[in-house]
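[1] Sequence first, predicted model second:
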Amino acid sequence: MKYSKWLSALLAAVVTGQSLQSQQLVTYPAPQAVIYSMHNDDYTVRVRKPGGEWQDLFEYKVKVDLDKVQEASMVHFDFSGTVEVMVRKNNENVRTVKVRPEVYGVQPQVKGNVITFTLQQPRNLSVEFNGDKLHNLHVFANAIEKIKPSPADTNVIYFGPGLHLPKDTAGKAFHIPSGKTVYLDGSAILRGKLVCDEVKNVRILGRGIIDQTPEGIEVKQSDSVEIDGITFINPRHYTVYGGASRHLTIRNIKAFSCQGWSDGIDLMSCSDVVIDGVFMRNSDDCIAIYGHRWKFYGNARNYLVTNSTLWADIAHPINIGLHGNTQAEGDTIENIVFRNINILEQDEDDPDYEGCMAITCGDLNLVRNIRFEDIRVDDFEEGQLFNIRVVYNSKYNTGPGRGVRDIYFKNITYKGSNSTYPLIKGLDKDHTVEGVTFERLVINGKLITNAAAANIKIGPFASRILFKN
């Protein structure tokens, strides 16, 4: 670094109260094997430490939106301290720029077709030029990795820089034994799903990419599995598919999908789950919590979902309760908290599958003690702000839900047309919704004190619907 640039960096560190040692920046070159097939040239993106040399990032092509598949872009890097980001829009003149989630307050400086902005903490961002959300740039600015295991460790399955294909070509899978740590380098790309089947104490870490797989990661009949930092591009079905597992932790993953039934995180009969800091852009449900389905049996209890961004190009950002066990007394889905969530989109024209926050209770499930707190919802294309129902869905259910009890919404804000007509409805006198409370529901800056002000439809067999300041 030249003396003048070193001095500029020192002054910037003094102003922000940071040491030079705290200013770290790690970038990840793409594997040579995918340079042409996975690149999108809509943008040129560079990053640097304050006063340092600009470093080029690889702009990955990610496919989004099932309705008409489009090609958006994604970049990723790690940093601590402060980082400056520069984005050039290559193929169109810049008229407007928006960086979402807006709650982060990122205000870009615009000069011609180039924008710059500064980050001082990790963020998952959508940069949208000229109102275009289908060809946007996703910027994943991660924290510096705390754990980076050694390739020589015999308990580590290490995927270094490059393209990796499984030996199991039939299932296109890597099967992970108990007690192992799987590490994906930030320049590693896997084209095979990771399978945790009847295992325990597994960690899947890193900054690498799982690309074009049947599913991203399967966790079946397992205990104590942690997934942290991985990016998923266009799995055929689920990003993380969990069944009858406990003590599952999912942190800081990012996902894109564009095919039918390409859900994000779908968990059947799983309990004791933490989901934190994820960015899910899916062409189906982003996060779905169910009881029994297929070979998975049991209740679903004790979930904490926090600090995340959800973008449903179709279906639900959040969906709870559709599947359960009608061959027994039904399952209980309970004690679930969603807190500090940004919802950037929903586009769903089928009324059975609408609801940014949806509880769709079927299959003899009892859904109770669900809390949504500090949820920010941007204007979305089509759907409902929330949908709380007991149902008997002829396509997916073999029986009605038992009921929905004690749902609490606190500090929910929505900015949009207020024409989404949210629905709260039981099925009949024996299958009811009881106890839905709204504390500080705010629509377009206005505190909502009754159902009519939010265009909420309260159907039959729903009781104790309360609004609090």
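    Good, I have the coordinates. Predicted, not measured: the structure shown is a model, and the values here were computed from it.

[2] Okay, and the beta partners of the residue lying closest to Ile287 once chain neighbours are set aside?
    Distances taken as CB to CB, 6 or more residues apart in numbering place Ile265 nearest to Ile287, at 4.9 Å, with adjacent residues excluded. C-beta: built from backbone N, CA, C; applies to glycine. Ile265 forms beta bridges with Val240, Ile287, as assigned by DSSP bridges.

[3] ok, Ile265 - contacts?
    Ile265 makes contacts with 238-240, 242, 250, 275, 278, 280, 286-288, as judged by CB atoms under 8 Å, 6 or more residues apart in numbering.

[4] and if you look at Val436?
    Counted by CB under 8 Å, 6+ apart, Val436 has contacts 388, 407-409, 424, 462, 464-466.

[5] Show the buried residues in those.
    388, 407-409, 424, 462, 465 (16 or more other CB atoms under 10 Å).

[6] element containing the residue nearest the centre of the chain?
    For the chain, Met280 is the residue whose C-alpha lies nearest the centre (CA atoms, centre = their mean; 2.5 Å). For Met280, the host element (DSSP states H and E) is strand 279-282.

[7] Quick check: mean pLDDT of that strand?
    Mean pLDDT, strand 279-282: 98.

[8] Alpha carbons only: can I get it in PDB?
    The C-alpha trace of strand 279-282 is given here as PDB (Å, rounded to 0.1, in the frame of the first residue of the first chain):
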ATOM      1  CA  PHE A 279     -31.500 -14.900   3.500                       C
ATOM      2  CA  MET A 280     -34.000 -17.000   1.600                       C
ATOM      3  CA  ARG A 281     -35.300 -16.100  -1.900                       C
ATOM      4  CA  ASN A 282     -37.400 -19.100  -3.000                       C
END
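
[9] strands paired with that strand, and their directions?
    strand 254-256 (parallel), strand 300-312 (parallel).

[10] export the ones you listed to TSV and tack on mean neighbour count and distance to Glu71?
    Shown next, in TSV, are the strands paired with strand 279-282 (neighbours: other CB atoms under 10 Å; distance: least, CB to CB, whole Å):
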stretch	mean neighbour count	distance to Glu71
strand 254-256	26	11
strand 300-312	23	16
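
[11] Please determine how far Asn393 is located from Asp352.
    6 Å (CB to CB, to the nearest Å).

[12] what residues do those two have in common as contacts?
    Common neighbours of Asn393 and Asp352, using CB under 8 Å, 6+ apart, are Thr360.

[13] Any idea which helix or strand in this protein has the lowest mean pLDDT?
    helix 3-16 (a mean of 45; mean pLDDT, DSSP states H and E).

[14] which is the next helix or strand following it?
    strand 24-27.

[15] ok, and what's touching that next one?
    By CB under 8 Å, 6+ apart, the surrounding residues in contact with strand 24-27 are 47-49, 52, 55-57, 77-81, 83, 144-145, 186.

[16] can you do 7 Å?
    Strand 24-27 has contacts (CB atoms under 7 Å, 6 or more residues apart in numbering) with 47, 49, 55, 57, 77-81, 83, 144.

[17] Tell me the buried residues within these.
    47, 49, 57, 77-81, 83.

[18] Turn these into TSV, columns for distance to Asp211.
    TSV is the format used below for the buried ones among the contacts of strand 24-27 (distance: CB to CB, whole Å):
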residue	distance to Asp211
Val47	23
Lys49	29
Leu57	17
Phe77	18
Asp78	20
Phe79	24
Ser80	27
Gly81	31
Val83	26
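
[19] Which of the residues you listed sits closest to Leu366?
    Asp78 (43.2 Å; CB to CB).

[20] Just give the nearest non-adjacent residue to Gly160, would you?
    Using CB to CB, 6+ apart, the closest residue to Gly160 is Asp185 (5.1 Å).

[21] how much space is there between the one you found and Ile250?
    Distance of Asp185 to Ile250, computed by CB to CB: 20 Å.

[22] Between these two, point out the one with more neighbours.
    More crowded of Asp185 and Ile250, by other CB atoms under 10 Å: Ile250, with 27 against 18.

[23] That one: what secondary structure?
    strand (DSSP: H, G, I helix; E, B strand; the rest coil).

[24] partner residues bridging it?
    Ile250 has these beta-bridge partners by DSSP bridges: Ile227, Ile275.

[25] And for the one 4 residues further on?
    Taking DSSP bridges, one obtains Thr231, Phe279 as the residues bridged to Lys254.

[26] Could you verify my assumption that it touches Phe140?
    Yes - Lys254 is within contact range of Phe140, at 5.5 Å (criterion: CB atoms under 7 Å).

[27] Need the residues touching each of the two.
    Contacts common to Lys254 and Phe140, judged by CB under 7 Å, 6+ apart, are 124, 231, 279.

[28] and which of those residues is nearest to Gln32?
    Thr231 (18.7 Å).

[29] now the longest strand seen in the chain and strand 300-312, what's the angle there?
    Criterion DSSP state E: the longest strand present in the chain is strand 332-346. Computed by axes from the mean of the first three to the mean of the last three CA atoms, to 10 degrees, the angle separating strand 332-346 from strand 300-312 equals 10 degrees.

[30] Which residue is the nearest non-sequential neighbour of Phe77?
    Thr27 (4.9 Å).

[31] what stretches of this protein score poorly on pLDDT?
    1-21 (pLDDT under 70).

[32] which other residues reach the strand holding Met280?
    With CB under 7 Å, 6+ apart as the criterion, strand 279-282 contacts 64, 124, 140, 254-257, 262-265, 286-287, 309-313.

[33] gap between Pro161 and Gly206?
    11 Å.

[34] Report the set of residues contacting both of the two.
    Joint contacts of Pro161 and Gly206 (CB under 7 Å, 6+ apart) are Asp185.

[35] Who has more neighbours out of those two?
    Each of Pro161 and Gly206 has its neighbours counted (other CB under 10 Å); Gly206 has more, 23 against 16.

[36] Correct me if wrong: that one contacts Ile227.
    No - with contact defined as CB under 7 Å, Gly206 does not reach Ile227; the gap is 10.2 Å.

[37] check contacts around His250.
    For the record, residue 250 is Ile, not His. 227, 240, 265, 275, 278.

[38] contacting residues around the first one?
    Listed by CB under 7 Å, 6+ apart, the contact set of Ile227 reads 204, 217, 240, 250, 253.

[39] Pull the contacting residues for the third one.
    Think Val240. Contacts of Val240 were listed using CB under 7 Å, 6+ apart, and they are 216-217, 219, 227, 250, 265.

[40] Please repeat the previous calculation with a cut-off of 6 Å.
    216-217, 265 (CB atoms under 6 Å, 6 or more residues apart in numbering).

[41] now do the second one
    Neighbouring residues of Ile217 by CB under 6 Å, 6+ apart: 194, 240.
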